[in-house]
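Undergrad: Structure of the sequence below:
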Amino acid sequence: MAPKSDNYKPNYGDKRRYSDGKDRQGGPPRQTKSIAAVSSGQLPKWVTDEIQRSTPKDRREPAIMELSRAVDEYADERYPAALPHLRKAKTLSPKSSVIRELLGLAAYRSNNWDEALRELRTFRRMTGDMIHMPVEMDCLRGLDRKSDVTREWEKLKTFDVSPTIDSEARVVYASFLLDEGRPRDAWAVIKPGRLVQQPSPGETRRWFVAARVALAAGDHEAAEKLVTALENQELEFEGVDQLRQQLL
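TA: A predicted model of the protein is given here:
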């Protein structure tokens, strides 16, 4: 099952919460790593250290065992299979932010919008990390909470977030506006800058949504440039061929 936004896979390459690494009050940075970037195998020390700090002594090893199993499932894209392990881990260690984060993301990948939104918001409250706010917006789309999608977008704009988080949020919100039949408004949100030769995965997602928006707005010149730029990349998501067909 796919996330709500077409071809939307959050980019965890940029782990900064804010562009300067500090919060808006000048405090220290909070969460600096994402459990979603951990591959299968032995959990890294920063994860086990977090479990050790946040979990009663008699529950630490069982929580780590359940989380390790969940990470293996998640890394292999078996998201629904990861959920039972993560729910057990949460029961054992409800104050662990890494468990709440991965539970939210696995639920999101399984289209369990309510659970995903609840866990990712809990993660944000625990850590102050805003990295998953675009995913929260996409969950709200899945729940058809239209006014809340816009409210979350407006709230996000008040923070000095990193370019990665900003770009991911634009992908989600422009997709929402396109669904609402507002391609002109969507273009104002998603319009990409210079089409670089070596784009990040987040940039190609933005180009893809921008191409869809341009087509819906009747701007075939802009759509042609974007589709051509996408065709020059080796992409993992589908849809570019369909865009090309619409331009013929």
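Undergrad: Can you tell me what sits against whichever strand or helix holds Thr228?
TA: Here Thr228 sits within helix 220-231, counting by DSSP states H and E. In this structure, residues lying in contact with helix 220-231 by CB atoms under 8 Å, 6 or more residues apart in numbering are 192, 195, 199, 204, 207-208, 210-211, 214-215, 240, 243-244, 246-247. All C-beta atoms are positioned from the backbone trio N, CA, C, and that covers glycine.
Undergrad: Pull out the buried members of these.
TA: For those, a neighbour count by 16 or more other CB atoms under 10 Å gives the buried set as 192, 199, 204, 207-208, 210-211, 214-215, 240, 243-244.
Undergrad: Of the residues you listed, which is the nearest to Gly181?
TA: Of all those, Leu215 has the smallest distance to Gly181: 13.6 Å, by CB to CB.
Undergrad: Ignoring the adjacent residues along the chain, who's closest to the closest one?
TA: Distances taken as CB to CB, 6 or more residues apart in numbering put Ala223 closest to Leu215, at 4.7 Å, once the chain neighbours are dropped.
Undergrad: Give the burial count for that neighbour, as a bare number.
TA: 22 (other CB atoms under 10 Å).
Undergrad: how close does it sit to Ala216?
TA: Distance, Ala223 to Ala216, by CB to CB, to the nearest Å: 9 Å.
Undergrad: Met130 contacts Thr158, doesn't it?
TA: No: judged on CB atoms under 8 Å, Met130 makes no contact with Thr158 at a distance of 11.0 Å.
Undergrad: More neighbours: which of those two?
TA: Neighbour tally, Met130 and Thr158, criterion other CB under 10 Å: the higher count belongs to Met130, 22 against 8.
Undergrad: Could you look up the SS state of the more buried one?
TA: Look at Met130: counting by DSSP: H, G, I helix; E, B strand; the rest coil, its state is coil.
Undergrad: For it, report the pLDDT, please.
TA: Note on Met130: pLDDT of 93.
Undergrad: How about Gly13?
TA: Confidence at Gly13, expressed as pLDDT, is 35.
Undergrad: returning to that earlier point: secondary structure and pLDDT added to the buried ones among the contacts of helix 220-231, as CSV?
TA: Below are the buried ones among the contacts of helix 220-231 laid out as CSV (DSSP: H, G, I helix; E, B strand; the rest coil; pLDDT from 0 to 100):
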residue, secondary structure, pLDDT
Pro192, coil, 91
Pro199, coil, 90
Thr204, helix, 92
Trp207, helix, 95
Phe208, helix, 95
Ala210, helix, 97
Ala211, helix, 96
Ala214, helix, 97
Leu215, helix, 96
Val240, helix, 90
Leu243, helix, 93
Arg244, helix, 91
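Undergrad: nearest to Ala70, of those?
TA: Ranked by distance to Ala70 (CB to CB), the buried ones among the contacts of helix 220-231 are led by Thr204 at 28.7 Å.
Undergrad: Phi and psi next, for Met130.
TA: Backbone torsions of Met130, given as degrees, to the nearest 10, read phi -100, psi 10.
Undergrad: so who does Glu73 touch?
TA: Taking CB under 8 Å, 6+ apart, we find Glu73 in contact with 79, 81-82, 85, 106.
Undergrad: Apply 6 Å and report the result again.
TA: Contact analysis of Glu73 by CB atoms under 6 Å, 6 or more residues apart in numbering lists 81-82.
Undergrad: can you tell me the helix or strand for it?
TA: Glu73 belongs to helix 60-75 when assigned by DSSP H and E.
Undergrad: Show the average pLDDT along that helix.
TA: For helix 60-75, the mean pLDDT works out to 96.
Undergrad: Following it in sequence, what is the next regular element?
TA: Counting by DSSP H and E, what follows helix 60-75 is helix 79-92.
Undergrad: Determine the set of other helices and strands touching that following helix.
TA: For helix 79-92, the elements it packs on are helix 60-75, helix 97-109, judged by 3 or more CB pairs under 6 Å, 6 or more residues apart in numbering; DSSP states H and E.
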